[in-house]
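In: Generate coordinates for the sequence data below:
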Amino acid sequence: QVQLEESGGGSVQAGDSLRLSCVASIDPFNGYAWGWFRQAPGKEREFTAAINWNGGSTYYGDSVKGRFTISRDDDLKTSYLEMNNLKPEDTAVYFCAANLGILVPTKSRGYKYWGQGTQVTVSS
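Out: Below you'll find the model as predicted:
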């Protein structure tokens, strides 16, 4: 059974940084595209970032471009989301997701496996 577990969320001030991690119980870890999504209260789940199976291509939502960086470490079976210059509007529950294959979905329905989420709160 595939399990994903996020960590690294917390409460920070505007302008601060956080790094989220997502550890997967997937074997083998390579071959999967990884995505990060976020969901604020009362809003739909929003695409944040994604990385392809070999880390050669990355994709970002418009609201986080230039501030967030997605990466992966296949040896540690971990995906990371580095978040810099955080803003109050970044406050949300952040979810990691994985899907086997070369496609890199930017829609949540494109991912088969999901973590439980980690809360990020940014105060002004």
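In: now the strands: where do they sit in the chain?
Out: 4-7, 10-13, 18-24, 32-39, 46-51, 58-60, 68-73, 78-83, 92-100, 113-114, 118-123 (DSSP state E).
In: Would you format these as a markdown table with mean pLDDT, distance to residue 107 and mean neighbour count included?
Out: Using the backbone N, CA and C atoms, a C-beta is placed for each residue, glycine as well. Formatted as a markdown table, those follow (pLDDT from 0 to 100; distance: least, CB to CB, whole Å; neighbours: other CB atoms under 10 Å):
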| stretch | mean pLDDT | distance to residue 107 | mean neighbour count |
| --- | --- | --- | --- |
| strand 4-7 | 96 | 18 | 18 |
| strand 10-13 | 98 | 28 | 13 |
| strand 18-24 | 97 | 18 | 20 |
| strand 32-39 | 96 | 9 | 24 |
| strand 46-51 | 98 | 7 | 23 |
| strand 58-60 | 98 | 12 | 17 |
| strand 68-73 | 97 | 16 | 18 |
| strand 78-83 | 97 | 18 | 23 |
| strand 92-100 | 96 | 10 | 21 |
| strand 113-114 | 96 | 13 | 18 |
| strand 118-123 | 98 | 21 | 17 |
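In: Can you read off the pLDDT for residue 3?
Out: Residue 3 is assigned a pLDDT of 92 by the prediction.
In: Might you report the residue contacts of residue 91?
Out: 40, 120-122 (CB atoms under 8 Å, 6 or more residues apart in numbering).
In: do the same with residue 86
Out: So, once contact is read as CB under 8 Å, 6+ apart, residue 86 ends up touching 12, 14-18, 67, 120, 122.
In: Among the residues you listed, which one sits closest to residue 1?
Out: Comparing the contacts of residue 86 against residue 1 with CB to CB places residue 120 closest, at 26.8 Å.
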